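In: Everything below, folded, please.
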Amino acid sequence: MRRHTRRQRLGMALFAAGFLATQVYFVVVSGWVTTVLSLAVVTALVGGYHLMGGKS
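Out: Alright, predicted model coming up:
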């Protein structure tokens with residue numbers, strides 16, 4: 001067995017953890033952007049409807 005197999009394994013674990021964190025980060029960010037965009041669209045639709053005199 002070579003001397004730095006543990007270090008290599010640690011590096012691989014760190015790399016995998018960083019890769020997973022990046023994936024999760026992108027999913028969270030894209031989900032956040034989608035939520036904000038849909039909220040903005042709903043707000044614009046409701047606001048425009050009220051401004052057009054649709055308020056009962």
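
In: what residue ranges in the chain are flagged as low confidence?
Out: 1-2, 55-56 (pLDDT under 70).

In: Which strand or helix spans Ala13?
Out: If you go by DSSP states H and E, Ala13 is part of helix 5-49.

In: now that helix, how far from the centre of its chain.
Out: 2 Å (CA atoms, centre = their mean, to the nearest Å).

In: Determine the set of other helices and strands touching that helix.
Out: For helix 5-49, there is no helix or strand it packs on, judged by 3 or more CB pairs under 8 Å, 6 or more residues apart in numbering; DSSP states H and E. No exception for glycine: its C-beta is placed from N, CA and C like everyone else's.

In: Arg3 in helix, strand or coil?
Out: Of the three states, Arg3 takes coil according to DSSP: H, G, I helix; E, B strand; the rest coil.

In: OK, contacts around it?
Out: Contact analysis of Arg3 by CB atoms under 8 Å, 6 or more residues apart in numbering lists nothing.

In: I'd like to know how far it sits from Tyr25.
Out: Arg3 sits 34 Å away from Tyr25, going by CB to CB, to the nearest Å.

In: For Gly40, give its distance to Ala17.
Out: One thing to correct before we go on: residue 40 is Ala, not Gly. Taking CB to CB, one finds Ala40 at 34 Å from Ala17.

In: To clarify, my last question referred to Arg9.
Out: 13 Å.

In: Could you do Tyr25 as well?
Out: Taking CB to CB, one finds Tyr25 at 12 Å from Ala17.

In: what do you get for Arg6?
Out: 16 Å.

In: swap in Gln23?
Out: 11 Å.

In: for Thr35, same thing?
Out: The value you get for Thr35 to Ala17, if CB to CB is used, is 26 Å.

In: Check Ser30 too.
Out: 20 Å.

In: Could you do Gly47 as well?
Out: 44 Å.
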